[in-house]
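S.K.: from the sequence below, what's the structure:
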Amino acid sequence: MTERTSHGPATATGCPVAHGGATRLYGPETTHDMESVYARLRREHGAVAPVLIEGDVPAWLVLGYRENRRVLDNPLQFSRDARIWRDWKEGRVDDDLPVMQMVGWRPDCVSQDGEPHRRLRGAVTDSLQAVAGRGIRRHVAHFADRQIDAFAGAGRADLVADFAEYLPMLVLTRLFGLAASEGRSLAESSNHVIKGGADALVHNGRIMTILGELADRKRHEPGADFTTGLLGHPARLDEEEILHHLRLVLITAHTTTSNLLARVLQAVLTDDARLAALVGGELALSSVVEEVMWNTPPLAVLPGRFATADLQLGDASVREGDMLLLGLAAGNLDPEIRPDGEVSLQGNHSHLAFSSGPHECPGQGIGHAIIEIAVDVLLHRLPGLRLAVPPEALTSTASTWVAGLDSLPVEFPVR
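M.R.: Residues are numbered from 1 along each chain as shown. Alright, predicted model coming up:
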């Protein structure tokens, strides 16, 4: 483990990244209109801007599409290994800061590069592929029907709170070999970890306890599930690696799929022509999903990369050991590639929503399957489904990492 010195928690004082008017990416001024924040940062700093995240931890936020690609595709210059992070090594960032649940080093594949990364990612990818072929569509349809049954007789619902917020986690409980009764509380704990704040540490501990108990049980009672796949993989993950990969997949898969499902439903229900084309079979849902991943990716900001040497990125002079955050939403809207928002989205998969390079999301196929089946079941179960408020009344709330739809009120005829 890298040796550290200790000088107390991180602050902007004396930190080279924070010089030049760093913007806080948390707090009331950034929770409702991140697009305006990104636009202002781009005007003031160009493609790479100095920011502070929760705990006033300094970082560079990469706003440009091309600059994001450079960081994502070049692990020799921009490592995923947080043990080279200068502010942490020199003791300016404490391990018990809530933000460390997102940016700190862990014994998982997203914290490694090179051969260690390939070994661990191979175990995750193989185990995900195995469960993806074991009735995932049936599981999604089953839990979607159960969710819809709870509100079908009311003639109205909130498709965020009543459908999208929990459905992915319910499917994941089946894929992991967990009891479905754990789904709602695990979804809430995952959301707390992503949002940060003092509760993040408590909820992360709760997730780790449940997953530790799951791994212990599956060692004695193996099954056709993701947990058993990791335990028996030829890469021979140790106990700590097993636990942290269960955590990684559970939190990221739920968060990204839940947010993406809500945004896809928003895109469908705020455009009557699109809804009619989808119901009539004239439009493929995959096209809607791609458009949403360009305009409102499920993770707005991706943590984190660490510069392996002094270098120039955009107009920023990045120092060795600096932390960089990938602005996926900002990069997708970069006016350099989308002047006035224009770009052909039909069949265009070059968005940043699932990252890029060696750390590109390995579970995106499962996420797509959950969304496509969930929307199909919803539209077939509730003919006449329509938005219950004007589209402009819909609001979002952002944390550093995500910008989630607050609610999606709908109404429909009761049969």
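S.K.: please make it C-alpha for all contacts and neighbour counts, starting now.
M.R.: Noted.
S.K.: just the strands in the stretch 101-250 of the chain please.
M.R.: 156-158 (DSSP state E, counting those that start in this stretch).
S.K.: can you pull out the helices in it?
M.R.: 114-132, 136-149, 167-176, 183-195, 199-220, 226-231, 239-269 (DSSP state H, counting those that start in this stretch).
S.K.: what values do phi and psi take at Leu25?
M.R.: Backbone torsions of Leu25, given as degrees, to the nearest 10, read phi -90, psi 30.
S.K.: burial check on it, number of neighbours?
M.R.: With neighbours defined by other Cα atoms under 10 Å, the count for Leu25 comes to 22.
S.K.: against Gly367, how distant is it?
M.R.: Remark: distance between Leu25 and Gly367 (Cα to Cα, to the nearest Å) = 27 Å.
S.K.: could you do Arg69 as well?
M.R.: Computed as Cα to Cα, the Arg69 to Gly367 distance reads 23 Å.
S.K.: contacts only, for Met293.
M.R.: Going by Cα atoms under 8 Å, 6 or more residues apart in numbering, Met293 touches Leu260, His351, Leu352, Ala353.
S.K.: go again using 6 Å as the cut-off
M.R.: Residues in contact with Met293 (Cα atoms under 6 Å, 6 or more residues apart in numbering) are Ala353.
S.K.: model confidence score at it, please.
M.R.: We have a pLDDT of 91 for Met293.
S.K.: the helix or strand where it lies: which residues count as buried?
M.R.: Secondary structure assignment for Met293, by DSSP states H and E: helix 285-295. Using 16 or more other Cα atoms under 10 Å as the test for burial, helix 285-295 gives Leu285, Ser286, Val288, Val289, Glu290, Glu291, Val292, Met293, Trp294, Asn295.
S.K.: quick one: Ala329 and Leu299 touch, right?
M.R.: No - using Cα atoms under 6 Å, Ala329 is not in contact with Leu299, being 7.6 Å away.
S.K.: what about Ser396, distance to Pro335?
M.R.: Distance, Ser396 to Pro335, by Cα to Cα: 23 Å.
S.K.: oh, I was asking about Thr227
M.R.: Taking Cα to Cα as the measure, Thr227 and Pro335 are separated by 43 Å.
S.K.: any idea of the pLDDT on the closest residue to His45 other than its chain neighbours?
M.R.: Among residues not flanking His45 along the chain, Asp315 sits closest, at 7.4 Å (Cα to Cα, 6 or more residues apart in numbering). pLDDT, Asp315: 95.
S.K.: now Ser6
M.R.: As predicted, Ser6 sits at a pLDDT of 43.
S.K.: same question for Pro116.
M.R.: So Pro116 comes in at 95 (pLDDT).
S.K.: burial check on the closest residue to it other than its chain neighbours, number of neighbours?
M.R.: Distances taken as Cα to Cα, 6+ apart place Cys109 nearest to Pro116, at 7.5 Å, with adjacent residues excluded. For Cys109, the neighbour count with other Cα under 10 Å is 24.
S.K.: ok, now Gln312?
M.R.: Counted with other Cα under 10 Å, the neighbours of Gln312 add up to 10.
S.K.: likewise for Glu336?
M.R.: Neighbour count for Glu336, taken as other Cα under 10 Å: 14.
S.K.: torsion angles phi and psi at it?
M.R.: Backbone torsions of Glu336, given as degrees, to the nearest 10, read phi -70, psi -30.
S.K.: any idea how far it lies from Gly357?
M.R.: Where Gly357 is concerned, Glu336 sits at a distance of 21 Å (Cα to Cα).
S.K.: try Tyr166
M.R.: Counting by Cα to Cα, the gap from Tyr166 to Gly357 is 30 Å.
S.K.: mind checking which of the two has more residues around it?
M.R.: For Tyr166 and Gly357, the more surrounded residue by other Cα under 10 Å is Tyr166, and the numbers stand at 23 against 14.
S.K.: and Ala22, what pLDDT?
M.R.: pLDDT, Ala22: 84.
S.K.: list the contacts of it.
M.R.: By Cα under 6 Å, 6+ apart, the contact list for Ala22 reads Pro50, Val51.
S.K.: the same query, at a cut-off of 10 Å, please.
M.R.: By Cα atoms under 10 Å, 6 or more residues apart in numbering, Ala22 lies in contact with Ala12, Leu41, His45, Ala49, Pro50, Val51, Leu52, Ile53, Asp56, Pro58, Ala59, Trp60.
S.K.: try Leu231
M.R.: Contacts of Leu231 (Cα under 10 Å, 6+ apart): Ala123, Ser127, Ala215, Lys218, Arg219, Pro222, Leu237, Asp238, Glu239, Glu241, Ile242, Leu243.
S.K.: in the stretch 151-300 of the chain, where is pLDDT below threshold?
M.R.: Applying pLDDT under 70 to the stretch 151-300 of the chain flags no residue at all.
S.K.: before we move on, back to that, what about Thr227 and Pro335, which has more around it?
M.R.: Per other Cα under 10 Å, whichever of Thr227 and Pro335 has more neighbours is Thr227, with 28 against 16.
S.K.: so Ala353, which of the three states?
M.R.: Classification of Ala353 using DSSP: H, G, I helix; E, B strand; the rest coil returns coil.
S.K.: let's see the pLDDT reported for Ala18.
M.R.: If you check Ala18, the pLDDT there is 44.
S.K.: adjust the sequence numbering to begin at 24 for everything that follows.
M.R.: Okay, residue one is now 24; in that scheme the one you just asked about reads as Ala41.
S.K.: can you give me the end-to-end span of stretch 316-336?
M.R.: By Cα to Cα, the extent of stretch 316-336 from end to end equals 25 Å.
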